[in-house]
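1. Build me a structure from this.
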Amino acid sequence: MPSPTTDYDIEVFYDGLCPLCVREMDMLRRWDRNDRIRFTDITAEGFSATELGIDYQQLMDRIHGRLPDGTIVTGVEVFRYLYGAVGFRWSVAASRLPIVKQLLNAAYVVFAKNRLRLTRRCDTKGCSLEGNRPAS
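-> Below is the predicted model of the structure:
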């Protein structure tokens with residue numbers, strides 16, 4: 001996974017206003033004793049998705065990661081790189097087993113689609129990202 005010419009295995013782009021997302025990123029930061037992960041909060045002031053060639057809505061719709069060679073990965077694959085970077089390679093291998101992989105992918109799609117509701121970021125008018133989007 002890691003490239004010998006880089007100082008990280010993956011850069012993760014996460015929603016810093018999502019309580020569940022922040023909790024998981026904080027946990028990964030604690031486990032990342034060798035600084036193999038770059039954490040980028042897409043809701044932080046000054047963040048711009050333009051350099052990635054991905055629009056902000058896409059970043060909010062599902063988690064994204066960037067590998068040292070510039071390859072973009074999304075969804076469960078991001079978590080495989082994250083957990084591999086902190087030493088949980090056995091769980092990454094298990095997550096690739098056919099039935100486990102299908103279940104994880106399906107569960108992530110459901111979570112991603114309902115993330116704003118599940119984290120109570122919707123009101124009676126719906127789920128809007130307008131107040132969450134940084135100036136770019």
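2. model confidence over the top helix by length along the chain, on average?
-> As assigned by DSSP state H, the longest helix anywhere in the chain is helix 98-118. Across helix 98-118, pLDDT averages out at 88.
3. Show the residue spans covered by the helices in this protein.
-> Remark: helices assigned in the chain by DSSP H are 19-31, 56-61, 76-85, 89-95, 98-118.
4. Flag every buried residue along the last one.
-> Taking 16 or more other CB atoms under 10 Å as the neighbour-count basis, helix 98-118 is seen to contain the buried residues 104, 108, 112, 115, 116. (Each C-beta comes from the backbone N, C-alpha and C, glycine too.)
5. could those residues go into a markdown table alongside distance to residue 9?
-> Formatted as a markdown table, the buried residues of helix 98-118 follow (distance: CB to CB, whole Å):
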| residue | distance to residue 9 |
| --- | --- |
| 104 | 20 |
| 108 | 20 |
| 112 | 22 |
| 115 | 24 |
| 116 | 29 |
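6. which among those residues gets closest to residue 42?
-> Nearest to residue 42 among those, counting by CB to CB, is residue 115 at 13.1 Å.
7. residues in contact with that closest one?
-> Residue 115 sits next to 15, 18, 20, 21 when contact means CB atoms under 8 Å, 6 or more residues apart in numbering.
8. any idea how far it is from residue 19?
-> 10 Å (CB to CB, to the nearest Å).
9. for the residue lying closest to residue 78 once chain neighbours are set aside, what are its contacts?
-> Among residues not flanking residue 78 along the chain, residue 65 sits closest, at 4.0 Å (CB to CB, 6 or more residues apart in numbering). Residues in contact with residue 65 (CB under 8 Å, 6+ apart) are 10, 11, 12, 13, 72, 73, 74, 77, 78, 81, 82.
10. what residue ranges in this structure are flagged as low confidence?
-> For the chain, the stretches flagged by pLDDT under 70 are 1-5, 120-136.
11. same thing but at 50, please
-> Along the chain, the model assigns pLDDT under 50 to residues 2-3, 130-136.
12. so what's the residue most central in space within the chain up against?
-> Nearest to the mean C-alpha position of the chain, by CA atoms, centre = their mean, lies residue 63 at 3.5 Å. Applying CB under 8 Å, 6+ apart, we find residue 63 in contact with 12, 13, 14, 21, 74, 75, 78, 79, 112.
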